[in-house]
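J.: Structure for this input, please:
(chains A and B)
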Amino acid sequence: GEDVEQSLFLSVREGDSSVINCTYTDSSSTYLYWYKQEPGAGLQLLTYIFSNMDMKQDQRLTVLLNKKDKHLSLRIADTQTGDSAIYFCAASTDSWGKLQFGAGTQVVVTP
Amino acid sequence: GAVVSQHPSWVICKSGTSVKIECRSLDFQATTMFWYRQFPKQSLMLMATSNEGSKATYEQGVEKDKFLINHASLTLSTLTVTSAHPEDSSFYICSARESRSRTSGGPHTQYFGPGTRLTVL
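T.: Presented below is the predicted three-dimensional model:
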């Protein structure tokens, strides 16, 4: 089955860019997602990318997909203290498919 | 749009009692809802897939008699933890998948509720 892995922790200074990395194993993964979870809360969908895309930009968020290496990244430009949270990447094999989540990357933004 | 609510947001109960958690899609119809369990500092573990009007599909290792799921309408699914024990203490999160994609060719995105913190004493 699908295995999704992420680095567990990232510390970044306010105003810098953050880059969170994720790898997955199932080459048939069609949709790849980034979710944000703040303490004690559910998951907020940030963005997704379809497997035939290399890049997707949405305001401060840039998603890069290297399908050959099965590598996904999320770049947050001009990181703010409000960006401190846990970020999960998730993969599914079709638009109706179940999501397989990574373990989450805790991002801590320091002043 | 795409708001999912859960009730209650937290609950404390005694061992042996049953607890019901509600998951509602507020502004869209969801033929499918998912129930996840999340342990501290860990990822979400899918427990079951709930389809409106039919029996839930449980993931391997999840006791269906322990975690009763009912999806009675297109906007409501409930998870009942029966005869709860301290090891059932966890953060339970539901998600609702839209019946129709909001973007042509896009995914049928799952929208997540805020979660329910269950503590069993």
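
J.: Could you list the paired strands of the helix or strand of chain B with the lowest mean pLDDT along with their orientation?
T.: Here the helix or strand of chain B ranked lowest by mean pLDDT, DSSP states H and E is strand B:110-112, holding a mean of 88. Using DSSP bridges, the strands paired with strand B:110-112 are strand B:90-97 (antiparallel).

J.: can you tell me which residues contact the closest residue to residue B:2 other than its chain neighbours?
T.: Excluding the flanking residues, the one nearest residue B:2 by CB to CB, 6 or more residues apart in numbering or on different chains is residue B:111, at 4.5 Å. For every residue, glycine as well, the C-beta is placed using N, CA and C. Taking CB atoms under 8 Å, 6 or more residues apart in numbering or on different chains, we find residue B:111 in contact with A:45, B:2-4, B:25, B:28, B:95-98.

J.: redo that, cut-off 7 Å
T.: A:45, B:2, B:4, B:95-96 (CB atoms under 7 Å, 6 or more residues apart in numbering or on different chains).

J.: next one: residue A:40
T.: Per CB under 7 Å, 6+ apart, neighbours of residue A:40: none.

J.: What helix or strand is it located in?
T.: Under DSSP states H and E, no helix or strand contains residue A:40.

J.: ok, which residues in chain B are in contact with chain A?
T.: Residues of chain B found near chain A (CB under 7 Å from any CB of the partner chain) are B:42-44, B:46, B:93, B:101, B:107-115.

J.: who's the residue nearest to residue B:2 bridged to?
T.: Assigned bridge partners for residue B:111, using DSSP bridges, are residue B:96.

J.: just to revisit the earlier point, work out the gap between the least confident helix or strand of chain B and the centre of the chain.
T.: Distance of strand B:110-112 from its chain centroid, counting by CA atoms, centre = their mean, to the nearest Å, is 11 Å.

J.: what comes into contact with the next helix or strand after that strand?
T.: Scanning forward in sequence from strand B:110-112 by DSSP H and E, the next helix or strand is strand B:116-120. Outside strand B:116-120, the residues that touch it by CB under 7 Å, 6+ apart are B:6, B:8-13, B:15, B:19, B:21, B:81, B:84-86, B:88-92.

J.: Could you tell me which of the contacts of residue B:111 count as buried?
T.: A:45, B:2, B:4, B:95-96 (16 or more other CB atoms under 10 Å in any protein chain shown).

J.: Quickly name whichever of these is closest to residue B:76.
T.: residue B:96 (9.7 Å; CB to CB).

J.: who in chain A is up against chain B?
T.: So chain A meets chain B at A:31, A:41-43, A:45, A:48, A:88, A:95-96, A:98-99, A:101-104 (CB under 7 Å from any CB).

J.: Give me the ChimeraX select line for the residues you listed, limited to the buried ones.
T.: Selecting the buried subset of the residues of chain A next to chain B in ChimeraX, with 16+ other CB under 10 Å as the burial test, is done by:
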select /A:31,41,42,43,45,48,88,98,99,101,102,103,104
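
J.: In strands only, show me the residues of chain A next to chain B.
T.: Judged by DSSP state E, the subset of the residues of chain A next to chain B located in strands is A:31, A:43, A:45, A:48, A:88, A:101.

J.: ok, back up a step: of the contacts of strand B:116-120, buried ones?
T.: Using 16+ other CB under 10 Å, the buried ones in those are B:6, B:11, B:13, B:19, B:21, B:81, B:84, B:88-92.

J.: from those residues, which is closest to residue B:70?
T.: Out of the buried ones among the contacts of strand B:116-120, the member with the shortest distance to residue B:70 (by CB to CB) is residue B:21, at 11.1 Å.

J.: secondary structure element for the closest one?
T.: strand B:19-25.
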